[in-house]
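>>> let's see this in three dimensions:
(chains A and B)
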Number of protein chains: 2
Amino acid sequence: MCREYVYGGTIASLIDCHSVGTALSNYYKLEGRDIGAAPEIWCVTGRLTVDYLAPTPIDKEIEVRSTIEEVGERKTRVKSRVYSDGIQTAEGEVIAIRVPDSWKNAN
Amino acid sequence: MCREYVYGGTIASLIDCHSVGTALSNYYKLEGRDIGAAPEIWCVTGRLTVDYLAPTPIDKEIEVRSTIEEVGERKTRVKSRVYSDGIQTAEGEVIAIRVPDSWKNAN
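Predicted structure coming up:
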């Protein structure tokens, strides 16, 4: 039996990254544009919640599937599920915030 | 102005780690024992929530302060706040679960 598991902070990172990427891609899709096309769309994480359902073995392939639950002009709510060998081990929710152009220029 | 910020997944990891460590230390304290003394107390993360309030600059010292909000026999709720230069940039809540001895032996 596997005694080594993926660190919870890494699971959180996977969920964060995949959820924000999904929200971002969807904004491009809604505008009928290719992902990454100029002008760039940026999203940041507003809130991240992770429920750890079971340990995730470190020696098996991990699958993360994200689904858009709600889209607003400025916010997208994404659910992400983490699977190991087809068994769900974590469930995440991310509120992704679309960065306004004014903020991009300010930085 | 700093243009480089700490990745949100790393902020989540800091909160996770410091919160679970706080919950764990408190169980030892409640039992009047030194931290790490045998038999060991283990805790895992049940739920992690992070609210990102502002970007956290990568070039400044980060402070994480955790406070125990609620303690049960099996669960502890911890609030953790992340500060950069004295300004709060993230707020986290962790439900830490005390691992029963039966689980420790099973693994």
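
>>> how about the residues of chain A that lie near chain B?
When proximity is defined by C-beta under 8 Å from any C-beta of the partner chain, chain A lies next to chain B at A:1, A:3, A:7-10, A:12-14, A:16-17, A:44-52, A:55, A:107. Yep, even glycine has a C-beta here, placed from its N, CA and C like the rest.

>>> repeat that for 7 Å
A:3, A:8-9, A:12-13, A:16-17, A:44-52, A:107 (C-beta under 7 Å from any C-beta of the partner chain).

>>> so for chain A, the centremost residue is which one?
Residue closest to the average C-alpha location in chain A (C-alpha atoms, centre = their mean): A:S19, at 1.4 Å.

>>> that residue reaches A:S66, doesn't it?
Yes. Between A:S19 and A:S66 there is a contact at 5.3 Å, judged by C-beta atoms under 7 Å.

>>> can you list contacts of the longest helix seen in chain A?
In chain A, ranked by residue count with DSSP state H as the criterion, the top helix is helix A:8-30. Helix A:8-30 is touched from outside by A:34-35, A:37, A:41, A:43, A:45, A:48, A:50, A:52, A:56, A:64, A:66, A:68, A:71, A:76, A:78, A:80, A:82, A:90, A:92, A:94, A:96, A:98, B:8-9, B:12-13, B:16-17, B:45, B:48, with contacts defined as C-beta atoms under 7 Å, 6 or more residues apart in numbering or on different chains.

>>> send the alpha carbons of that helix over as CSV?
Below are the C-alpha coordinates for helix A:8-30, written out as CSV (Å, rounded to 0.1, in the frame of the first residue of the first chain):
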residue,chain,number,x,y,z
GLY,A,8,-2.2,19.3,0.5
GLY,A,9,-0.6,22.6,-0.5
THR,A,10,0.3,21.0,-3.8
ILE,A,11,-3.3,19.8,-4.3
ALA,A,12,-4.5,23.3,-3.5
SER,A,13,-2.0,24.7,-6.1
LEU,A,14,-3.2,22.3,-8.8
ILE,A,15,-6.8,23.3,-8.1
ASP,A,16,-6.0,27.0,-8.1
CYS,A,17,-4.0,26.8,-11.3
HIS,A,18,-6.4,24.6,-13.3
SER,A,19,-9.5,26.6,-12.1
VAL,A,20,-8.1,30.0,-12.9
GLY,A,21,-6.9,28.7,-16.3
THR,A,22,-10.4,27.4,-17.0
ALA,A,23,-12.0,30.7,-16.1
LEU,A,24,-9.5,32.6,-18.2
SER,A,25,-10.0,30.3,-21.3
ASN,A,26,-13.7,30.7,-21.0
TYR,A,27,-13.5,34.5,-21.2
TYR,A,28,-11.6,34.2,-24.4
LYS,A,29,-14.1,31.7,-25.7
LEU,A,30,-17.0,34.0,-24.8
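
>>> the following helix or strand past it pairs with which strands, and in what direction?
Toward the C-terminal end, the helix or strand that comes next after helix A:8-30 (DSSP states H and E) is strand A:43-52. The pairing partners recorded for strand A:43-52 under DSSP bridges are strand A:87-98 (antiparallel), strand B:43-52 (antiparallel).

>>> gap between the nearest residue to A:I97 once chain neighbours are set aside and A:V64?
Spatially, and ignoring its direct neighbours in sequence, A:I97 is nearest to A:G46 (4.4 Å; C-beta to C-beta, 6 or more residues apart in numbering or on different chains). Distance, A:G46 to A:V64, by C-beta to C-beta, to the nearest Å: 19 Å.
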